[in-house]
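Novice: Just to be clear, the model below is a prediction. Sequence and coordinates:
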Amino acid sequence: MAEKVVVIYSGGMDSFTVLNKARMQGHEVYALSFNYGQRHVKELEVAKAVCERLGVDHKIVDISAINQLIGGSSLTDDIDVPEGHYEEESMKSTIVPNRNMILLSLAVGYAVSLKANKVYYGAHSGDHAIYPDCRPEFVKKMDDVCRIANYDEVEIVCPYLDSSKIDILRDGLAMDLDYSQTWTCYNGREQACGKCGACQERLEAFAENNATDPLPYES
């Protein structure tokens, strides 16, 4: 009998790879996406389409009311999204306070209700410089807490925690994944901007893998 797992699925290329990796490992996957008041819902629409195509059970949960409490991010407030690489100081404006702790807590509650014992999410080494809630020490502590927070132990799984986006894409390409089914750009326009940190890191990953990004770009 397949093991049930919950995958936090944003619609981006990292979580898309994690979702497919969990499926290919033989797990019964329950995908969970969140509307937390981000600038656009394009990535959620992409996530929905992918799960429908794969026949994966998928929930999109509206938690946008939390923006009354956790404002100040360029991803949720009326603040310009910075352009440039993730290693630049300006990218700190894209931090949504406590986001991953909140999302993981909700995903763990869902896992307990399903009698699933693992929650997957797509933190990776490229996030470590800017996002504290993607660093190994955070994942370790969250894993420790989630194992004792309920009668049923739930493990936090980050298969790419020590990998770069370049490595993630390499793994996904080896799995023959179609990355036209993902959305990465912080802006929700018809085409990706090619200038924000998310786009730049994505384009760098494709270039380093000698592959062509199937998404159209404004520039």
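Specialist: That came in fine, so what should we check first?

Novice: Mind listing residues that contact the strand ranked longest in the chain?
Specialist: Longest strand in the chain by number of residues (criterion: DSSP state E): strand 28-35. Counting by Cβ atoms under 8 Å, 6 or more residues apart in numbering, strand 28-35 makes contact with 2-11, 19, 22-23, 41, 44, 47-48, 51, 56-64, 103, 106-107, 110, 114, 116, all of which sit outside it. Quick note: C-beta positions are derived from backbone N, CA and C, even for glycine.

Novice: can I get the CA coordinates of that strand in CSV?
Specialist: Extracted C-alpha coordinates of strand 28-35, given in CSV (Å, rounded to 0.1, in the frame of the first residue of the first chain):
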residue,chain,number,x,y,z
GLU,A,28,0.3,8.7,-2.7
VAL,A,29,0.6,12.4,-3.0
TYR,A,30,-1.7,15.1,-1.6
ALA,A,31,-0.7,18.5,-3.0
LEU,A,32,-1.4,21.6,-0.9
SER,A,33,-1.2,25.1,-2.3
PHE,A,34,-1.8,28.4,-0.4
ASN,A,35,-3.2,31.7,-1.4
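
Novice: Name every strand pairing with that strand and say which way it goes.
Specialist: Strand pairing for strand 28-35, determined by DSSP bridges: strand 4-8 (parallel), strand 57-62 (parallel).

Novice: now the shortest one, how far from the centre of its chain.
Specialist: Read that as strand 4-8. Its chain's C-alpha centre and that of strand 4-8 lie 13 Å apart, by Cα atoms, centre = their mean, to the nearest Å.

Novice: longest helix of the protein?
Specialist: Scanning the chain for the helix with the most residues, using DSSP state H, yields helix 99-114.

Novice: and the residue nearest to Arg170 when sequence neighbours are not counted, how many neighbours?
Specialist: Nearest non-adjacent residue to Arg170, counting by Cβ to Cβ, 6 or more residues apart in numbering: Asn209, 5.5 Å away. Look at Asn209: counted by other Cβ atoms under 10 Å, it has 15 neighbours.

Novice: do the one 3 residues further on as well
Specialist: One way to gauge burial is a neighbour count; for Thr212, by other Cβ under 10 Å, it gives 9.
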